[in-house]
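Undergrad: sequence and predicted structure below; questions after.
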Amino acid sequence: MPSLRFEPPRDDATLEDWRHVHNEIIPADPLSPDDVRERVTRHHLEVAYLGDVLVGCSTVRPPKDGTAMVIARILPAHRRQGFGGQLYERGVERARRLGAEVIETIVLGVNADGLRFAHQHGFVEVDRHVADADEVWHTLRLG
Ligand SMILES: CC(C)(COP(=O)(O)OP(=O)(O)OC[C@H]1O[C@@H](n2cnc3c(N)ncnc32)[C@H](O)[C@@H]1OP(=O)(O)O)[C@@H](O)C(=O)NCCC(=O)NCCS
């Protein structure tokens, strides 16, 4: 498997790459550059590259009452090569190092690949928020 390079977004270019992946995959919640600059102060963000090619990004929301949130995102053109698995595993390791006892993820329902991935990795749905017919948010917990 080709190896990915993982970067914490620390300048405008990498923050913009993180934002690009997020907004491509989560069109229901588009973030502005300022949103991302604020988010990076609260969450652990990573950007994944294959050589110089942007392939994905991740978010780890640090534990609150023992529960952390881990979200991996891979652009559709780069899926099914194991990259999502790598990004997700790094996120879980980070969350555990931060003291997480419980790991959750959140998936926008239109992302069928994301729901299947979460189920295959042992997550079960614990909450569902229906904002709109095309905007159903599934919260899943690692069993
Ligand atoms: C979830 C997501 C990150 C997975 O990314 P990915 O790069 O496709 O993930 P992987 O390649 O590790 O695994 C996906 C599938 O490809 C398979 N796969 C991995 N390497 C493979 C290879 N070399 N050849 C063929 N299949 C392969 C995996 O076994 C897995 O199969 P499964 O779905 O039947 O379990 C991606 O679909 C995504 O960004 N979804 C939207 C965001 C989201 O909802 N994220 C929340 C989940 S944390």
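TA: Sure, I can see it.
Undergrad: mind naming the longest strand for the chain?
TA: Ordering each strand of the chain by length in residues (DSSP state E) puts strand 53-64 first.
Undergrad: buried sites along that one?
TA: Going by neighbour count (16 or more other CB atoms under 10 Å), the buried part of strand 53-64 is 54-61, 63. Every C-beta, even on glycine, is put in place using the N, C-alpha and C of the backbone.
Undergrad: tell me the strands beside it, with direction?
TA: strand 44-50 (antiparallel), strand 67-74 (antiparallel) (DSSP bridges).
Undergrad: just how off-centre is that strand within its chain?
TA: Offset of strand 53-64 from its chain centre (CA atoms, centre = their mean, to the nearest Å): 4 Å.
Undergrad: likewise stretch 105-125?
TA: Distance, stretch centre to chain centre, for stretch 105-125: 11 Å (CA atoms, centre = their mean).
Undergrad: now do the SS call for W18.
TA: Using DSSP: H, G, I helix; E, B strand; the rest coil, the structure places W18 in helix.
Undergrad: what about it, distance to the ligand?
TA: From W18 across to the ligand, the span is 13 Å (CB to the nearest ligand atom, to the nearest Å).
Undergrad: check E135 too.
TA: On the measure of CB to the nearest ligand atom, E135 and the ligand end up 13 Å apart.
Undergrad: then R37?
TA: From R37 over to the ligand (counting by CB to the nearest ligand atom), the distance is 22 Å.
Undergrad: again with D134
TA: Going from D134 to the ligand by CB to the nearest ligand atom gives 15 Å.
Undergrad: now that residue: closest residue in space, sequence neighbours ignored.
TA: Counting by CB to CB, 6 or more residues apart in numbering, D134 lies nearest to V110, which is 6.2 Å off, once chain neighbours are set aside.
Undergrad: what sits against that neighbour?
TA: 28, 134, 136 (CB atoms under 8 Å, 6 or more residues apart in numbering).
Undergrad: quick check: phi and psi on the last one?
TA: Main-chain torsions, V136, degrees, to the nearest 10: phi -110, psi 120.
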